[in-house]
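In: using only what follows, build the 3D model:
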Amino acid sequence: SAISGLQVANNRSLLFLGGNINLTGGVLNAPEGKIELGGLASPGIVQLNIDGNNLDLIFPIDIAKANIVLSNRASLNTSGLGGGRVEIQGNNVSLSENSSISSVTIGNQNGKGINFSSINTTTVGSGNSGDILIDTNNLSLLNVSNINTLSFAALGNAGNISLKVSDSINLDNVSTLGTLSLGRGSAATGSGGNITIETKTLNVQNQSSLVATTFLGQGNAGSVNLKANDNMNLNNSSIATLSFGAGAGGNITIETENLNLREASNITSSNINPKTVNVNFFNSTINILSNGQPALQEALTAFIQNLINTIEPGDAINFEQAKPGNVDIFASKSIVLSGESPDKKNNIISTVTFGSASGGNITLRTGEFRATDESLITSSTTDKGQGGNIVLTASNSIKLIGGSRLSTSSAGTGAAGNLKIFDTKNLTIQDGALIAASTVGKGRGGNIDITADTIEIKGLSAEGFSGIQSSTLDETSNANAGEVKL
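Out: All right, here's what the predicted structure looks like:
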């Protein structure tokens with residue numbers, strides 16, 4: 001637990017220095033102080049800087065650093081009235097088997113942040129939780145490991161997460177990288193932090209996620225900004241910004257050469273009425289905060305459920321005005337959505353609005369675009385707000401195959417968004433695939449505007465014919481369908 005293991009007094013430093021460092025099931029505590037782990041891969045001199053109670057390791061810049069591994073529920077903790085600082089100086093940093101690093105702010109002081117690691121910074125007072133800054137060659141989060149910043153029932157903002165990893169980042173087996181603002185923050189505070197990643201290859205697989213969320217507060221969800229110079233691969237995993245309150249959902253921006261979504265992966269930005277959320281949605285957050293202690297898990301579960309129960313009817317007006325963020329993807333070579341999960345779920349890129357605010361837009365720019373296996377790119381509105389627009393440009397070709405859909409829709413009084421495809425040589429719609437703008441409510445259907453050198457429509461599936469259509473799907477609705485321009 002967080003109160004066992006090796007501990008120093010408040011506002012003191014706990015340093016570990018050597019070659020490779022393997023912390024297996026160990027617990028290190030420095031309340032409001034500093035924990036630093038570091039090692040060298042070859043002989044060298046590491047200097048020690050002493051400033052009162054604060055100790056700092058100063059590493060040579062011309063010697064490779066060693067590897068650092070936390071496993072089997074290993075824990076580093078610098079929580080206190082002002083969350084302390086954690087620094088990890090290593091070549092490859094890996095957390096696995098539910099290991100964690102925490103710096104929780106429980107007072108009105110600002111957290112000191114975390115450099116290099118996997119990790120939680122949290123505020124439960126008026127201070128902001130610390131930022132997480134990671135600069136390494138390779139970073140792996142495996143087997144339910146996490147990097148998170150949290151603003152927990154507080155006025156303070158969740159910290160930002162910034163990863164600069166020269167080779168690859170790997171999230172596997174229900175691992176999470178996220179920011180969360182939880183509780184009733186004021187209009188200017190209580191916002192979720194931003195997630196910024198710069199790397200060569202980003203792999204997110206086996207129900208892992210990158211997510212920025214705000215719940216019940218007035219603050220906005222953070223944005224997710226990802227740059228992978230070579231490839232970005234999602235396999236049965238997700239990237240999301242979510243607003244369960246009055247704040248706006250954050251934008252998602254992706255820049256890479258090749259983006260691959262496989263086996264029920266999704267990229268989405270949406271706003272959701274928090275009354276519809278089950279407390280189980282927060283199980284992963286509860287596990288992180290409680291450090292596996294059953295009594296604390298039970299108390300946190302009850303606290304979040306009580307927050308949900310405090311939603312007043314008047315809150316619904318603010319919740320309805322929350323706007324989801326935009327999704328902007330630039331993949332210079334290709335965007336591919338393919339495969340389905342064992343339970344028959346499909347790949348999705350989407351924005352959804354459930355209130356009076358307009359929906360987020362989706363912009364996809366690439367060389368080759370290919371969607372198979374009933375993959376879905378969609379923008380929808382279910383209430384008064386106008387649905388977001390979808391713009392797709394692929395300089396070489398666009399292929400929608402096997403029941404895949406590119407669609408905008410309205411199920412409320414708001415108009416569906418418009419759909420535009422341009423600057424492509426070849427557009428293929430095959431085997432039951434569909435480009436559609438539809439309405440099933442009172443809102444007008446969206447327009448479809450396509451510019452391509454050639455358009456080929458062929459084949460069908462068990463679900464129906466391939467095609468391009470703008471339609472009113474409810475025969476009792478007097479809403480007009482949009483226009484189709486080719």
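In: mind giving me the packing neighbours of the longest helix seen in the chain?
Out: Longest among the helix segments of the chain by residue count, using DSSP state H, is helix 294-309. In this structure, helix 294-309 makes packing contacts with helix 283-290, judged by 3 or more C-beta pairs under 8 Å, 6 or more residues apart in numbering; DSSP states H and E. Just so you know, the C-beta spots here come from the backbone N, C-alpha and C atoms, and that holds for glycine as well.
In: distance of S223 from V352?
Out: As judged by C-beta to C-beta, to the nearest Å, S223 and V352 stand 17 Å apart.
In: then E456?
Out: Applying C-beta to C-beta to E456 and V352 gives a distance of 31 Å.
In: okay, the two: which has more neighbours?
Out: V352 (22 against 12; other C-beta atoms under 10 Å).
In: assign a three-state SS to the more buried one, would you?
Out: strand (DSSP: H, G, I helix; E, B strand; the rest coil).
In: and it, what pLDDT?
Out: At V352, the model reports a pLDDT of 81.
In: nearest residue to it other than its sequence neighbours?
Out: S270 (4.0 Å; C-beta to C-beta, 6 or more residues apart in numbering).
In: wait, that neighbour sits on F244?
Out: No. Counting by C-beta atoms under 8 Å, F244 is not a contact partner of S270; they are 9.5 Å apart.
In: these two: which has the busier surroundings?
Out: F244 (26 against 21).
In: is the more buried one in contact with V211, as I believe?
Out: No. Between F244 and V211 there is no contact under C-beta under 8 Å: 11.8 Å.
In: what bits of the stretch 151-300 of the chain have low per-residue confidence?
Out: 151-158, 182-192, 216-219, 245-248, 273-277, 281-282, 284-293, 295-296 (pLDDT under 70).
In: quick one, strands of it?
Out: Secondary structure of the stretch 151-300 of the chain (DSSP state E, counting those that start in this stretch): strands located at 161-172, 176-182, 195-205, 209-215, 224-235, 238-244, 252-262, 266-271.
In: can I get stretch 372-391 as PDB, trimmed to CA atoms?
Out: Below are the C-alpha coordinates for stretch 372-391, written out as PDB (Å, rounded to 0.1, in the frame of the first residue of the first chain):
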ATOM      1  CA  THR A 372     -13.300  -2.300 -44.700                       C
ATOM      2  CA  ASP A 373     -15.300  -4.700 -42.500                       C
ATOM      3  CA  GLU A 374     -18.100  -2.300 -41.800                       C
ATOM      4  CA  SER A 375     -15.900   0.500 -40.400                       C
ATOM      5  CA  LEU A 376     -17.600   3.800 -39.700                       C
ATOM      6  CA  ILE A 377     -16.700   7.400 -40.100                       C
ATOM      7  CA  THR A 378     -19.600   9.400 -38.800                       C
ATOM      8  CA  SER A 379     -20.700  12.700 -37.400                       C
ATOM      9  CA  SER A 380     -24.100  12.800 -35.700                       C
ATOM     10  CA  THR A 381     -26.500  14.900 -33.700                       C
ATOM     11  CA  THR A 382     -29.400  13.600 -31.500                       C
ATOM     12  CA  ASP A 383     -30.800  16.900 -30.300                       C
ATOM     13  CA  LYS A 384     -31.000  20.600 -31.200                       C
ATOM     14  CA  GLY A 385     -27.400  21.100 -32.200                       C
ATOM     15  CA  GLN A 386     -26.200  20.900 -35.800                       C
ATOM     16  CA  GLY A 387     -24.100  17.900 -36.500                       C
ATOM     17  CA  GLY A 388     -20.500  18.300 -37.400                       C
ATOM     18  CA  ASN A 389     -19.200  18.300 -41.000                       C
ATOM     19  CA  ILE A 390     -16.900  15.600 -42.500                       C
ATOM     20  CA  VAL A 391     -14.200  16.500 -45.000                       C
END
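In: low-confidence ranges in the stretch 351-486 of the chain?
Out: Low-confidence segments of the stretch 351-486 of the chain, defined by pLDDT under 70: 354-357, 383, 385, 441, 443, 473-479.
In: give me the phi and psi for the residue lying closest to T382 once chain neighbours are set aside.
Out: Nearest residue to T382, sequence neighbours excluded (C-beta to C-beta, 6+ apart): A411, at 4.6 Å. For A411, the backbone dihedrals are phi -120, psi 20 (criterion: degrees, to the nearest 10).
In: near A411, how many other residues are there?
Out: Using other C-beta under 10 Å, the number of residues around A411 comes to 20.
In: same check on P342?
Out: P342: 8 neighbours (other C-beta under 10 Å).
In: give me the distance between it and A371.
Out: The value you get for P342 to A371, if C-beta to C-beta is used, is 20 Å.
In: now stretch 369-385, how far from the chain's geometric center?
Out: In terms of C-alpha atoms, centre = their mean, to the nearest Å, the centre of stretch 369-385 is set 19 Å apart from its chain centre.
In: which residue lies nearest the spatial centre of the protein?
Out: When the chain is reduced to its mean C-alpha position, the nearest residue by C-alpha atoms, centre = their mean turns out to be V211, at 2.0 Å.
In: isn't it up against T176?
Out: Yes. Using C-beta under 8 Å, V211 is in contact with T176, at 7.2 Å.
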